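*Asks:* Okay, sequence plus prediction incoming.
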Amino acid sequence: MVELNNLNDVSIYIVPLIDPNISLVDISVESGFVNAYTEDIDRPYLEDKVFMLYDTSVNTVESMNRYLKFSKLDTLHHIKYIKIDKKTLHTLLF
């Protein structure tokens, strides 16, 4: 069973519309999903994009499958690694 925690409106309504290949497993705790958002105050010129945050310390089958799947998506615009509170996350920009 897939565990979904703390999903905001962007995660629930917008993420599934990004690409038909994105499933609930891809936004689960097991895949390392942290959050999704539509605005970045440091990069306001990306106002038409969706940001998805993933915890890089999660090393599960689901996280590896998600990483491989997302790297092949045409809708993926950019990947960036960031550090928040001594935790490394990667941001996927769609």
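*Replies:* Noted; the coordinates are in hand. Residues are numbered from 1 along each chain as shown.
*Asks:* What mean pLDDT does the longest helix anywhere in the chain get?
*Replies:* The longest helix of the chain (DSSP state H) is helix 61-71. For helix 61-71, mean pLDDT is 89.
*Asks:* what's the burial count for the closest residue to residue 26 other than its chain neighbours?
*Replies:* Once flanking residues are discounted, residue 26 sits nearest to residue 66: 4.9 Å by C-beta to C-beta, 6 or more residues apart in numbering. To be clear about C-beta, it is placed using only N, CA and C from the backbone, and glycine gets the same treatment. Number of residues near residue 66 (other C-beta atoms under 10 Å) recorded here: 25.
*Asks:* Likewise for the one 10 residues further on?
*Replies:* As a burial measure, residue 76 scores 16 neighbours (other C-beta under 10 Å).
*Asks:* Regarding residue 82, what is its secondary structure?
*Replies:* strand (DSSP: H, G, I helix; E, B strand; the rest coil).
*Asks:* tell me the phi and psi of the residue lying closest to residue 73 once chain neighbours are set aside?
*Replies:* What sits nearest to residue 73 in space, not counting adjacent residues and going by C-beta to C-beta, 6+ apart, is residue 19, at 5.4 Å. Main-chain dihedrals, residue 19, degrees, to the nearest 10: phi -150, psi 140.
*Asks:* likewise residue 60?
*Replies:* Here is the backbone geometry of residue 60 (degrees, to the nearest 10): phi -120, psi 170.
*Asks:* What separation is there between the closest residue in space to residue 91 that isn't next to it in sequence and residue 46?
*Replies:* Of all residues not flanking residue 91 in the chain, residue 80 sits nearest, at 4.7 Å (C-beta to C-beta, 6+ apart). Applying C-beta to C-beta, to the nearest Å, the value for residue 80 to residue 46 is 11 Å.
*Asks:* where do the contact lists of the two overlap?
*Replies:* Residues touching both residue 80 and residue 46 (C-beta atoms under 8 Å, 6 or more residues apart in numbering): residue 93.
*Asks:* Those two: which is more packed in?
*Replies:* For residue 80 versus residue 46, neighbours defined as other C-beta under 10 Å are more numerous around residue 46 (15 against 11).
*Asks:* nearest residue to the more buried one other than its sequence neighbours?
*Replies:* Residue nearest to residue 46 in three dimensions, not counting chain neighbours: residue 40, with 6.0 Å by C-beta to C-beta, 6+ apart.
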